[in-house]
Every structure is written in C-alpha cells, then in structure tokens.
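*Asks:* the following comprises the amino acid sequence and a computationally predicted model.
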Amino acid sequence: MKASWWLTALLLTAGAPRQENAAPAPGAAVSEVPGRPDDEALAGGGTTVFDVSHNAYGRALGNLAPTRWYQMREGKVLFMRDWAAHEEGLAGPLTNAAGCGSCHFKDGRGRPLPDVGPEAPLLVRLSVPAKDAPAGRHEPVYGVQLNDRGTADVPAEGTVQVSYTDVKGMYADGTPYTLRQPRYRINQLGYGKLAPEVMLSPRIPSQLFGLGLLAAIPDEAIHALADADDRDGDGVSGRPNRVVSVHSGKAELGRFGWKANQPTLEQQVASAFSEDLGLTSPLYPESNCTAKQAGCMTRVAARGPALSRHVLERTTLYLRLIGVPARRDVLEPTVMKGQVLFQQAGCAACHQREFTTGTVEDVPELSNQRIRPYTDLLLHDMGPELADGRPDGEASGTEWRTPPLWGLGLLETVNRQVRMLHDGRARSFEEAILWHGGEGARARERFKALGKAEREALVAFLRSL
C-alpha cells in the first residue's frame, strides 16, 4: 500500500527541534505555576510540534531525525489500513471497526459528529463478578467487549443505545447549567441474553499523541505522587493500578487506558488489535470469539497470529513518534489568570503539570524531556457521578486514571466535535469539570463558586493546552 500525498507532506513538515532550558533530573514532577511562562508553550519539551491545523494531532516528534521518518511512514500506513478489506482476510468476523483510523480520526478521539451522528462512537467493555477474581471475568457469551460489527454469516453481537436525562444545576452567582446523565442499553443481541450480573463500561477513543512521552516517565516518578491514605489531607488520594504484563506474567504499573489497565504501549496496541479489530498477534494469539459463538469460531482459521511481530512493533513505534502540539496564547493575561485559578481550585492535585522523562535507548528523542501533560497517571475515586461500577485490574468501579489535558484545546479543530470524559457525556470543559465527584468534588465546588469572568478565565487556560 502506498502512502497518500498528505502523509508524505505531514512527515516532511514535522516540527523543527527546539532547545530546552536546563531540565530537572529525570522523573522530577513540578506542580506550581512556572516562573518562565514562555516555556509553557513547549508541552512536549523538545519534541513539541507547532501546528494548529486539523493535522495537529498527527505530526512527528519535533526533534525526530529525518533519517527515521520512514519508520513513522510505515507505521502510519499500518495504522490507516482497512484490515477488513485486506486481501488475506486477516480481520476477525466480530469487530468494532475496520482499522485503527476508523476510531482515532486524525489520531484524535472519535470521528467528526457529522460523520457518525449526534454522539461520539462508544465501545462497551463487559465483565461479570467472580469470587476468585476481584476484577471480574469476561461475560461468558460476549467476552470482554461488545462487537457491533459482524459479517454476512456471523451476526454482530449487538448495538448500543444511549439516552440522556437532564441534570440541572446552578453556579454560586445564579447562572444555571444543564448536564446530561447517560443511560445505556444493549439492543439487537446476536447470541442470546447477557448475564444478569453483567457490568458495562462505555468508553470513547482517546487521542494518541504524546504516548511515547508518557511511556518514558519513570515508574518511580508516578509512584512518588501516590497518596492512597491521603496523608496530606487534601481529599485527593491517587494510587497506581497494578496490571498483569503479557510478557512477564507479573503485575506492573498500569499507565495506558481509561483505567490505566495496560502497562505498556505495545500491550495496549495489541489489545486494541484483538478486541476492536479481531486481529490476533504474538501478544494476543487467541481469537476474540467465545465458545458460545460457533459461527465465529468456524470462521477463525487454524493458523498462527494474523499480525507479525514486525507489524505490531511498527504500529506501536508510530504511536510513540507522534508529537504533542504546542500550547497557544500562554502569555495572554486571561489565560495566565486561568492557570492560577486552575491551581487554586485544586485541579492540579490530579492533573500534575510537569514531568521529566527518563532515558529511552531506542528513541533518544524522547529522553530527558521536560513535558507538561497535566496528568499523574494515577487512579482516583471520582464518586458515583462518573462510576461505571466495573473493576479493571486493581481499579474499582468508581476509579479512573487522570486523563492528560495537553492538546485538548485543539480537539474541535482536529475532530470537529467536543466530547469529554470516558463516555463522551461532557460537551464542554465546563461540563467535564461539573461532573467531577469523589476526589474531584472540592475542585468542582471551587469552580462553581467562581464568578463568570473567573470561570471563563479558567476555561481559557484549558483551551490553551
């Protein structure tokens, strides 16, 4: 398959290297408002890219050596491939999409709403409680994820219907607001009823830039921010998820996914290939069919993994090489005021501003970079407001990983839609804040107590990220 002209242009116009000021030791984390606001534009350190167009989420690392662009090109081609139309018929009969780019439009989250209707596309994770497994086990008929695409001879597993109830509230100054409380229902089940005790967790796709930098944050830097017992009494008690590595078979620090349920980017990619696209790989060699789905099992060829290790490695490398867009308007007075209010409201207790990456031998461009992702990669109890009731690894049914905030100000530009939080219920930054409960409740109440101009300043800061 040949790359299109725009892919070549994308790679040839990757951001130029930028020099950083002296960085702290690798892994150091900083939460205070910086003394050098001009540095704040460099969200990805020297890897930052300077693009505010609809391609802003898909640029190569700003400091990527030109001799390595071919690696990104090869990975991009694999990422954009339509696996359902592949001449060898590699994709499984039960899927959620034809290719990675189907869900991650322009390397972002979801597709433009005009393409798919009024809502962002959803995946639904499934499990059932089990006495011998605190995180539960796969739903016995439908497995770990509902696949809403089938083939002519293998019916899809079902469809997801979302309905909303308005939740009205009011800021301290009397300004009203309306949130949307989602309700989910699985229709058109293709293989009989779901287990009565099934646990559902709807998820929207996440944006993909900066994943190589997040992977390069030293484990100890993340553990240092954990405060499971809330020793400092600030109401925030983040803790790491511990999940099983497919490679080692041992529990490792989770850092990818809405509940930090994957320890490495490669495992995250292999899991998505398996569950979303029905593609087996050396990490996940088993089909996503279940024993109750005879037609699906019959269609699965008795051969080795559909994807070679090279394909898995190149796709993973592509994601590692996507740069983070620079911040905008960092010296604008309203944005600077909003950054101070973000701190004062307590948002930075979870949305940790800064880390320094460690040494990355195979991609030295990622090494020792001072980055500003606004996440601690830890789990936080967000209360009943956002609970899905479904454990994942060591994460409870009310816990979520703090999502990075970098690049969100360009979400509408790139994806032509704004859907936030794990299930896309929030249609704005304000709504996302107002849904915070549990450990985020104090920050939410402080936001609600602000006057209109202050709220707008805080949102202006978020839009600058």
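*Replies:* Great, that's in hand. What you see is a predicted model, and the numbers here were worked out from it, not measured in a lab.

*Asks:* ok, Lys168 to Glu431 distance?
*Replies:* 12 Å (Cβ to Cβ, to the nearest Å). For every residue, glycine as well, the C-beta is placed using N, CA and C.

*Asks:* now do the shared contacts for the two.
*Replies:* Counting by Cβ atoms under 8 Å, 6 or more residues apart in numbering, the contacts common to Lys168 and Glu431 are 177, 179.

*Asks:* out of those two, which sits in the more crowded spot?
*Replies:* Between Lys168 and Glu431, counted using other Cβ atoms under 10 Å, Glu431 has the larger neighbour count: 17 against 8.

*Asks:* what's near enough to touch the more buried one?
*Replies:* 177, 179-180, 420, 425.

*Asks:* now the element after the helix or strand it falls within, going C-ward?
*Replies:* Assigned by DSSP states H and E, Glu431 falls within helix 429-434. Next helix or strand after helix 429-434 toward the C-terminus (DSSP H and E): helix 441-449.

*Asks:* how close does the residue nearest to Asp229 when sequence neighbours are not counted get to Cys350?
*Replies:* Computed as Cβ to Cβ, 6 or more residues apart in numbering, the closest residue to Asp229 that is not its neighbour in sequence is Ser237, at 6.6 Å. Distance, Ser237 to Cys350, using Cβ to Cβ: 10 Å.

*Asks:* that older thread, residue contacts, the residue nearest to Asp229?
*Replies:* By Cβ under 8 Å, 6+ apart, the neighbours of Ser237 are 227-230, 380-381, 439.

*Asks:* and for Thr290?
*Replies:* 138, 140-143, 296.

*Asks:* just the ones of these in strands?
*Replies:* Assignment to strands by DSSP state E places none of these there.

*Asks:* out of these, show me where the pLDDT dips lowest.
*Replies:* pLDDT is lowest at Cys296 among these; the value there is 90.

*Asks:* now that residue: closest residue in space that isn't a chain neighbour?
*Replies:* The spatially closest residue to Cys296, leaving aside those adjacent along the chain, is Cys289, at 3.7 Å (Cβ to Cβ, 6+ apart).

*Asks:* does that neighbour touch Thr298 like I think?
*Replies:* No - using Cβ atoms under 8 Å, Cys289 makes no contact with Thr298, being 9.0 Å away.

*Asks:* these two: which is more packed in?
*Replies:* More crowded of Cys289 and Thr298, by other Cβ under 10 Å: Cys289, with 21 against 12.

*Asks:* which SS state does the more buried one fall under?
*Replies:* On the three-state scheme (DSSP: H, G, I helix; E, B strand; the rest coil), Cys289 is labelled coil.

*Asks:* quick one: it from Pro140, how far?
*Replies:* With Cβ to Cβ as the criterion, Cys289 and Pro140 are 13 Å apart.

*Asks:* kindly report the same for Pro182.
*Replies:* For Pro182, the distance to Pro140 - Cβ to Cβ - is 26 Å.

*Asks:* repeat that for Ala152.
*Replies:* For Ala152 relative to Pro140 (Cβ to Cβ), the value is 26 Å.

*Asks:* now swap in Leu283 and tell me
*Replies:* Leu283 is 24 Å from Pro140, by Cβ to Cβ.

*Asks:* same check on His422?
*Replies:* In this view, His422 and Pro140 are 25 Å apart by Cβ to Cβ.

*Asks:* and those two? Which one has more around it.
*Replies:* Ranked by neighbour count (other Cβ under 10 Å), His422 and Pro140 place His422 first, with 21 against 14.

*Asks:* and for the residue nearest to Arg149 when sequence neighbours are not counted, the neighbour number?
*Replies:* With sequence-adjacent residues excluded and distances taken as Cβ to Cβ, 6+ apart, Arg149 is closest to Thr95, at 4.7 Å. By the criterion of other Cβ under 10 Å, Thr95 has 23 neighbours.

*Asks:* what residues does Thr95 make contact with?
*Replies:* 84, 147, 149, 276-278.

*Asks:* spell out the residue ranges of the strands in this protein.
*Replies:* Going by DSSP E, the chain shows strands at 123-130, 133-137, 159-170, 176-187, 199-203, 241-244, 251-254, 355-356, 370-371, 379-381, 399-401.

*Asks:* and these, which one's lowest on average pLDDT?
*Replies:* strand 133-137 (a mean of 91).

*Asks:* partner strands of that one, with direction?
*Replies:* According to DSSP bridges, strand 133-137 forms sheet pairs with strand 123-130 (antiparallel).

*Asks:* what's the straight distance from one end of stretch 276-284 to the other?
*Replies:* One end of stretch 276-284 sits 12 Å from the other (Cα to Cα, to the nearest Å).

*Asks:* pLDDT on stretch 281-289, on average?
*Replies:* 93.

*Asks:* stretch 191-198 too?
*Replies:* 96.

*Asks:* bridged to Gln262, which residues?
*Replies:* Gln262 forms beta bridges with Phe256, as assigned by DSSP bridges.

*Asks:* please give the number of neighbouring residues around the residue nearest to Ala272 when sequence neighbours are not counted.
*Replies:* For Ala272, ignoring the flanking residues on the chain, the nearest one in space by Cβ to Cβ, 6+ apart is Cys100 at 7.2 Å. A count of neighbours around Cys100, defined by other Cβ under 10 Å, yields 24.

*Asks:* so who does Cys100 touch?
*Replies:* Shown in contact with Cys100 (Cβ under 8 Å, 6+ apart): 79-81, 272, 276-277, 315.

*Asks:* of the residues you listed, grab the buried ones for PyMOL.
*Replies:* This is the PyMOL syntax for the buried subset of the contacts of Cys100, where burial follows 16 or more other Cβ atoms under 10 Å:
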select buried, resi 79+80+81+272+276+277+315
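
*Asks:* just the contacts of Cys100: which are in helices?
*Replies:* Among those, the members falling in helices (DSSP state H) are 79-80, 272, 276-277, 315.

*Asks:* picking that back up, ok, which pair from the contacts of Ser237 is furthest apart?
*Replies:* Asp229 and His380 (13.9 Å; Cβ to Cβ).

*Asks:* those two - which one has more neighbours?
*Replies:* Using other Cβ under 10 Å, the more surrounded residue of Asp229 and His380 is His380, with 22 against 8.
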